[in-house]
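1. I need the structure of the sequence given here:
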Amino acid sequence: MFDRMPERTVVSWNTMMTGYSKWNMIPEALDLISLMHHSDVKLNETTFSTALSVCGRAEELIIGKQIHGLVLKSGHKKFKLVGSALLYVYGSCCEIGDGRRVFDELCEENELLWSLMLMAYVEFDLMSEAMRIFDRMPRRGVVDWTTLISGYVKSEHGCKKALEMFKMMVEDYEVVPNEFTLDCIVRGCGRLGDLTIGSMVHGLVIKFGFENECSISSALICLYSNCEVMDDAKRVYDNLSNPLLIDSNVLIGGLLKMGKIEEAELLFSNMAERNPVSYNLMIKGYAMHGRIEDSKRLFMQMPEKILTSLNTALELFEKAKGERSPITWNSMISGYIQNDQHENALRLFRTMRRSSISQTRSTFSVLFHACACMGSLQQGQSLHAQLAKTPFSFNVYVGTALIDMYSKCGSIADSMAAFSCISSPNVAAWTALINGHAHHGLASDALSFFNLMLETEITPNAATFVAVLSACARAGLVDKGMSYFRLMKERYHITPTLEHFTCVVDLLGRAGLLREAEELIEQMPIKSDKILLVSLLHASWFWMDIEVGEKVAEKMFSLDPNEPSARVIMSNMYSRSGKWGQKMQVRNVLKELGVKKDPGCSWIDVNSRVHVFSVDYRRHANSDVIYACLESLKMNAYSTDKYDSLSLHG
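-> Numbering: from 1, shown residues only. Got it, this is the predicted structure:
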């Protein structure tokens, strides 16, 4: 309707921009801001406040600053919502200094800015500045008190100050604490172990009718457990109609700390849901009370072993490493790799060498796997040089790991050289070579190696055919791929697994044979999984076959009603085909599910160390220098752009 309007007023533009913002369609909203500016429409205070809010949500500092310039020219800066939106932009973009300048200029005429400035300082853990703003505030409501108190509770040494502020708040009879205030204070008391004030606050919780609030109940359980008053902790827990998993874990931890192993055991056995934290608490509890067999039994039952499990293994390793057994060292290295701690595995290997512990073929096999996972070619080459000094250079198992490492690190020539060094390559070595070429899009080479493997009378296995079918799919060799699929079943009597069917569906889907892929799925003797269905859904998206896409999406929803990836793909399909109503319905469901796209990442190998980066990643040791350099590069790029005409979204 907007596109067909013969004449658009500023109200029409603002309505569209607000709609885009409401539906979280930020790129579209930014495009509209630019188009509106270049359409000679006179912008009003609603335009500016909405546009600035969009920039804040998108963290678009440059565009926000450009709109700020327009605000100054138009004289709208004194409108309260415009001033608040300006401060919101700078706060969202971590430009606290610019935000403070906006505040200082407008705060006398805009009381909304005081709360925003306070929240910004608290969010950046600048509690001294937050306190100074708080002291100067013309009016202080419960939200302002709670904001400041929560900031002190979260800061490293601020809990005592939080309790002081709460006492002042209670004495100010014009302000009544709400559930968020009480939640913060209970947690502060728990961190301090202050049972006296905590019990008093518990009384206020009951007085104000918040005892059934889940978050406050969790905070009270933490408080009483930390203060070792387990009867009170259990009373709060027993009053919960549906205790959260974290509540059960906290109570178990408290009971074990007090030596009440039987009560903890009873609670653990009655839990409807458990996570690795639950298991680790009980495993450690059994061990602390001398029930080693129970500890081992529960460890074996544990479905997922996380870092805490690894730490327990690490303690055992520290006791056993003096025995100088390579099996012990290899097990620990493997443990690190299974828990994605590849650098720790390599570091332990260096310690192993310095301690003159003998290395075995397993040592090198698992370490090459670690290098493959990290994509660290330098580390892999360094290990290869050390391997050359050992008797395992021509070992088929080590050689297979070496082929896989070089392939995954992008060096196909080195993977072929590693293969040629193996004295008698087995099916695993051939499969690694074929798989490496397939994943690099070298389908003809992969299939040539497969035929050469057959000529040397090596019998292919199920993994070999996964590699061969993958090569055919990537190259679009439908006839060859289907021929190999039949060969696998008829000549080698290999029963196709889900992996094989996924490769064939991918093969047919890439070629646009979506109905054939559908038919294959219907005839499969095994149930399809998410990976297989996503493969066909991507093909439906590529070929814009909405009918097939909708059927596949329905199957995915039957597996998982909250499945987000199918909805994202269907949203894109509806968008490309102009079906805006269906697109909006899907986006609304995604919004309700709270779906966020996982950030992409990149990495670089410098001096045998892998450095990983993603959007807003600030945990790198040199992040300040890196971001300063990026900012300098951006400013140089912007200075060469044609910003004189205010091209807002170029």
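
2. separation between residue 98 and residue 71?
-> 13 Å (C-beta to C-beta, to the nearest Å). To be clear about C-beta, it is placed using only N, CA and C from the backbone, and glycine gets the same treatment.

3. compare the two (neighbour count), which wins?
-> Between residue 98 and residue 71, residue 71 has the larger neighbour count (other C-beta atoms under 10 Å), namely 24 against 19.

4. from residue 106, how far off is the more buried one?
-> Residue 71 is 11 Å from residue 106, by C-beta to C-beta.

5. could you do residue 154 as well?
-> For residue 154, the distance to residue 106 - C-beta to C-beta - is 28 Å.

6. and residue 509, what does it touch?
-> 517, 535, 536, 538, 539, 540, 542 (C-beta atoms under 8 Å, 6 or more residues apart in numbering).

7. what about the first one, helix or strand, and which?
-> Secondary structure from DSSP states H and E places residue 517 in helix 514-523.

8. now that helix - C-alpha only, PDB.
-> Taking Å, rounded to 0.1, in the frame of the first residue of the first chain, the C-alpha atoms of helix 514-523 are listed here in PDB:
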ATOM      1  CA  LEU A 514      13.300 -32.400  -5.500                       C
ATOM      2  CA  ARG A 515      10.400 -34.800  -6.200                       C
ATOM      3  CA  GLU A 516      12.900 -37.700  -6.600                       C
ATOM      4  CA  ALA A 517      14.500 -36.700  -3.300                       C
ATOM      5  CA  GLU A 518      11.100 -36.600  -1.600                       C
ATOM      6  CA  GLU A 519      10.300 -40.100  -2.900                       C
ATOM      7  CA  LEU A 520      13.600 -41.400  -1.600                       C
ATOM      8  CA  ILE A 521      12.800 -40.100   1.800                       C
ATOM      9  CA  GLU A 522       9.400 -41.700   1.800                       C
ATOM     10  CA  GLN A 523      10.900 -45.100   0.800                       C
END
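
9. got a list of contacts for it?
-> By C-beta under 8 Å, 6+ apart, helix 514-523 touches 501, 504-505, 508-509, 528, 532-533, 536, 539-540, 543, 545, 548, 551.

10. pLDDT weak spots in the stretch 1-150 of the chain?
-> 77-78 (pLDDT under 70).

11. any chance you could map the helices in it?
-> All helices of the stretch 1-150 of the chain, identified by DSSP state H, counting those that start in this stretch, fall at 10-22, 26-37, 45-58, 61-74, 80-92, 96-106, 112-123, 127-136, 142-154.

12. buried set for the third one?
-> Read that as helix 45-58. 45-56, 58 (16 or more other C-beta atoms under 10 Å).

13. run through who's touching that helix.
-> With C-beta under 8 Å, 6+ apart, helix 45-58 has contacts from 10, 13-14, 17-18, 20-21, 26, 29-30, 33, 36, 60-61, 63-64, 67-68, 70-71, 74, 76, 79, 81-82, 84-86, 88-89, 91-93.

14. let's see that with 7 Å instead.
-> Helix 45-58 is touched from outside by 10, 13-14, 17-18, 21, 26, 29-30, 33, 63-64, 67, 71, 76, 79, 81-82, 85-86, 88-89, 92, with contacts defined as C-beta atoms under 7 Å, 6 or more residues apart in numbering.

15. how about stretch 122-133?
-> Looking at what lies outside stretch 122-133 - C-beta under 7 Å, 6+ apart - the contacts are 96, 114, 117, 118, 121, 147, 148, 151, 152, 155, 158.

16. can you select the buried ones from those in ChimeraX?
-> The buried subset of the contacts of stretch 122-133, as determined by 16+ other C-beta under 10 Å, is captured in ChimeraX by this line:
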select :96,114,117,118,121,147,148,151,152,155,158
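
17. any chance of the contacts of stretch 122-133 in TSV with distance to residue 194 as columns?
-> Output for these, formatted as TSV (distance: C-beta to C-beta, whole Å):
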residue	distance to residue 194
96	32
114	31
117	31
118	26
121	26
147	22
148	19
151	19
152	14
155	17
158	14
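
18. from the contacts of stretch 122-133, pick the one nearest residue 588.
-> residue 147 (31.1 Å; C-beta to C-beta).

19. hang on, isn't that closest one packed against residue 117?
-> No. Using C-beta atoms under 7 Å, residue 147 makes no contact with residue 117, being 10.6 Å away.

20. one step back: so among the contacts of helix 45-58, which ones count as buried?
-> 13-14, 17-18, 21, 26, 29-30, 33, 63-64, 67, 71, 76, 79, 81-82, 85-86, 88-89, 92.

21. could you say which helix or strand holds residue 604?
-> Counting by DSSP H and E, residue 604 is part of strand 601-606.

22. same deal with residue 156?
-> Applying DSSP H and E, one finds residue 156 in no helix or strand.

23. do the one 10 residues further on as well
-> Secondary structure here is read from DSSP H and E; on that basis residue 166 sits in helix 159-171.

24. contacting residues around the residue nearest to residue 379 when sequence neighbours are not counted?
-> Among residues not flanking residue 379 along the chain, residue 371 sits closest, at 4.8 Å (C-beta to C-beta, 6 or more residues apart in numbering). Neighbouring residues of residue 371 by C-beta under 7 Å, 6+ apart: 379, 380, 383, 405, 409.

25. separation between residue 371 and residue 382?
-> Taking C-beta to C-beta, one finds residue 371 at 9 Å from residue 382.

26. cool, residue 59 as well?
-> 40 Å.

27. can you check residue 225 too?
-> From residue 225 to residue 382 the distance is 48 Å (C-beta to C-beta).

28. neighbour count for these two, which is higher?
-> When residue 225 and residue 382 are compared for neighbours, residue 225 comes out ahead with 25 against 14, by other C-beta under 10 Å.

29. what strand or helix carries the more buried one?
-> helix 214-226.

30. picking that back up, how about the helix or strand containing the residue nearest to residue 379: buried residues?
-> Using DSSP H and E, residue 371 sits in helix 361-374. Residues of helix 361-374 classed as buried: 361-372, 374 (neighbour count, 16+ other C-beta under 10 Å).

31. pLDDT averaged over that helix - what is it?
-> Across helix 361-374, pLDDT averages out at 87.
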